[in-house]
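*Asks:* Sharing a model prediction with you, sequence too.
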Number of protein chains: 2
Amino acid sequence: MSDGMVVGLDVGGTSTRATVVSLDGVRLGTGRGGGGNPTSHGAERAAEQLRVALTGALAGLDPELVRAGTIGLAGAGRLLADPAGRAAFDRAWHDVGLRCRYEIFGDALVAYASGTAEPDGTILIAGTGAIAAEVRGMALDRVADGHGWLLGDAGGGFWLGREAVRRTLADLDRHQPPGPLGTLVLTELLGSAEIAARPRDTVDTLVQAVTRRPAVELAALAPLVIRADREGDPEAGAILAEAARLLAANVDRIRPADSASPIVLGGGLLTGDTPLADAVRPALAARWPAAPLHGAGDGALGAAWLAARTLPELTDPAELHRRLLSPIES
Amino acid sequence: MSDGMVVGLDVGGTSTRATVVSLDGVRLGTGRGGGGNPTSHGAERAAEQLRVALTGALAGLDPELVRAGTIGLAGAGRLLADPAGRAAFDRAWHDVGLRCRYEIFGDALVAYASGTAEPDGTILIAGTGAIAAEVRGMALDRVADGHGWLLGDAGGGFWLGREAVRRTLADLDRHQPPGPLGTLVLTELLGSAEIAARPRDTVDTLVQAVTRRPAVELAALAPLVIRADREGDPEAGAILAEAARLLAANVDRIRPADSASPIVLGGGLLTGDTPLADAVRPALAARWPAAPLHGAGDGALGAAWLAARTLPELTDPAELHRRLLSPIES
């Protein structure tokens, strides 16, 4: 069994990561390419990064021994509906010598699988955007939010950054001096936290500084909220508490009230001991006291595990998940 | 005194309206031009519409008898800071034979003056956007919101339209059939209120229908909220109640708690017996029980009154305001 291998890929906007693992849980190779999201980069460019990452991961290995592969990416549905994009991915797959089948899943399912081997549960993601989804039989079922920054993604990075600016503007309207968060926002966007003699002039300058850039860049201000919260700013704490409330409410839209299935927290704002994860966990535990809460793990390993779990020669998928993805006890 | 005249102009995004009135309160002429906002149309185009509206209003009158004029427009500050734009306005003024001085004021001050002659008070406007301002000595003082749709304008038309879509999306996420408001939103944006077998497909289609148009067009959905509220939809009522709460909170940022000065309600969503005005009035009355609440009147008449009130030959500005702008008793 140890000569059986699987490949997992985590295709993101800034990098493409590939991992080859054996069916008994040994990591055999990893590779990395540039940003490969076909929605933002085009399928041909994405397929090229796939090729780069796979070539690195398969170095010194026999690709014909790979039994299955999984590619996780945002906007998987759009790629699956695009024959030319699918063909480009097929070519990259075969060019590196892989002969096995592969499946394409959304990043939400791969994030879920990186956190638990249970086939039924919930994934909650907060990165730039925010989305929650029910998983049934290790497939996405009902989905909540993920509606994009204009209409939703409540509690995600864009939302946090916009709230930081909104609260700064509200303080200026009230002629109140900016607190720690407002000082960070003004310094970041205007180069100085100095307020004009007419505070409305600073308001106008701040609004213009935001609106002349692409709106989604507001997400770049999310780290300022986290920094101000760490420095004890109650305004930043209130924004994070509201974000946690919105994220929990989002889960509430799709998850049964009495469910005891696991909840996986993923995305840059919720993976690890982030302040937002610290605020979300008690809100989820209050509503679903029996639900185990897990952090998402390495996406490429989660994808590799998804590829392995359906192989008939794998006798204990849960044990492989533990070997690949359980946090190491220290 | 009856041969003394003043001119008032209300320059908006869709029309430019001019009025000539005598100092004893007789309306002598009106004229109308196309949209003339210099920010959206350019100062030359705006000045041309000014000329059209003034020519109509002055027909049969001697422009040399006009003693003063006032132009009210959104973004007045930007025009005042633009010498070429000012010069274009000056040329239009002189081309129609006017020899008197004129002043340019923001639309918020003109809306305030159309509702009351009191020099100190508050103006609250909800149109596509939302803004509140304190008026002192008939000049704008502190301002709250008006930050634009991306960062603010909370409780205005854009905000109402976006909330209508957000609540529709939330119902779809919950697999709940859309209520009256959701049905109107789906029919308006997708041509049908039918939900796909996978409701997420309708979610995706709805999000795409909104995001492929300019964001500000969400304001066009505000009338659907008002219509659904009139039909008794509690979801639409909840949106209007929240909008009223946000608008009142916005006034609270700038208006002293114990003030007894008047509050004027302006903008398309608050002028007259609109559902939003019905929701805002009790919220304002609860916080400022001694404050008279007035509706904004005709903007061009408000501008004409602002022009007249500083003339030494006008002995009773309050009386002129009553004649020009008090609602006719029926």
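*Replies:* Received, thanks.
*Asks:* just for chain A, where's the confidence low?
*Replies:* A:1-3, A:327-330 (pLDDT under 70).
*Asks:* Spell out which residues of it are next to chain B.
*Replies:* Taking CB under 8 Å from any CB of the partner chain as the contact definition, chain A meets chain B at A:142-145, A:147-148, A:150-152, A:162, A:165-166, A:169-170, A:173-175, A:200, A:203, A:207, A:210-211, A:215, A:253-254. Glycine gets a C-beta too; all of them are placed from N, C-alpha and C.
*Asks:* what's the neighbour count on the closest residue to A:A76 other than its chain neighbours?
*Replies:* Closest residue to A:A76 apart from its sequence neighbours, by CB to CB, 6 or more residues apart in numbering or on different chains: A:G106 at 4.3 Å. When neighbours are counted by other CB atoms under 10 Å in any protein chain shown, A:G106 registers 23.
*Asks:* now swap in A:P289 and tell me
*Replies:* Using other CB under 10 Å: A:P289 sits among 8 other residues.
*Asks:* Repeat that for A:P317.
*Replies:* Neighbour tally, A:P317, other CB under 10 Å: 18.
*Asks:* which residue packs closest to it, ignoring adjacent ones?
*Replies:* Per CB to CB, 6+ apart, closest to A:P317 is A:R309, 4.2 Å.
*Asks:* wait, isn't that neighbour in contact with A:M138?
*Replies:* Yes: between A:R309 and A:M138 there is a contact at 7.3 Å, judged by CB atoms under 8 Å.
*Asks:* anything in contact with each of the two?
*Replies:* Taking CB atoms under 8 Å, 6 or more residues apart in numbering or on different chains as the contact rule, A:R309 and A:M138 have no neighbour in common.
*Asks:* Could you verify my assumption that A:D120 touches A:L140?
*Replies:* No: counting by CB under 8 Å, A:D120 sits too far from A:L140 to count as a contact (11.8 Å).
*Asks:* who's more crowded, those two?
*Replies:* More crowded of A:D120 and A:L140, by other CB under 10 Å: A:L140, with 18 against 15.
*Asks:* that older thread, which residues touch the residue nearest to A:P317?
*Replies:* Applying CB under 8 Å, 6+ apart, the residues contacting A:R309 are A:117, A:138, A:317, A:320.
*Asks:* try A:A291
*Replies:* Taking CB under 8 Å, 6+ apart, one finds A:122, A:259-263, A:284-285 in contact with A:A291.
*Asks:* Endpoints of stretch A:269-279, how far apart?
*Replies:* 11 Å (CA to CA, to the nearest Å).
*Asks:* can you check stretch A:101-121 too?
*Replies:* For stretch A:101-121, the first-to-last residue distance is 26 Å (CA to CA).
*Asks:* Okay, helices next: where are they in the stretch 1-150 of chain A?
*Replies:* Using DSSP state H, counting those that start in this stretch, the helices assigned to the stretch 1-150 of chain A run over residues A:38-41, A:43-57, A:76-80, A:83-95, A:107-115.
*Asks:* Using PDB, write out the CA atom coordinates for the last one.
*Replies:* Extracted in PDB, the C-alpha atoms of helix A:107-115 (Å, rounded to 0.1, in the frame of the first residue of the first chain):
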ATOM      1  CA  ASP A 107     -12.100  26.000  -1.700                       C
ATOM      2  CA  ALA A 108     -14.800  25.800   0.900                       C
ATOM      3  CA  LEU A 109     -15.000  22.000   0.700                       C
ATOM      4  CA  VAL A 110     -11.200  21.600   0.700                       C
ATOM      5  CA  ALA A 111     -11.000  24.000   3.800                       C
ATOM      6  CA  TYR A 112     -13.600  21.800   5.500                       C
ATOM      7  CA  ALA A 113     -11.800  18.600   4.700                       C
ATOM      8  CA  SER A 114      -8.500  20.100   6.000                       C
ATOM      9  CA  GLY A 115     -10.200  20.500   9.400                       C
END
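*Asks:* So which elements touch it?
*Replies:* strand A:5-11, strand A:66-73, strand A:121-126, strand A:130-136, strand A:139-145, strand A:263-266, helix A:299-309 (3 or more CB pairs under 8 Å, 6 or more residues apart in numbering or on different chains; DSSP states H and E).
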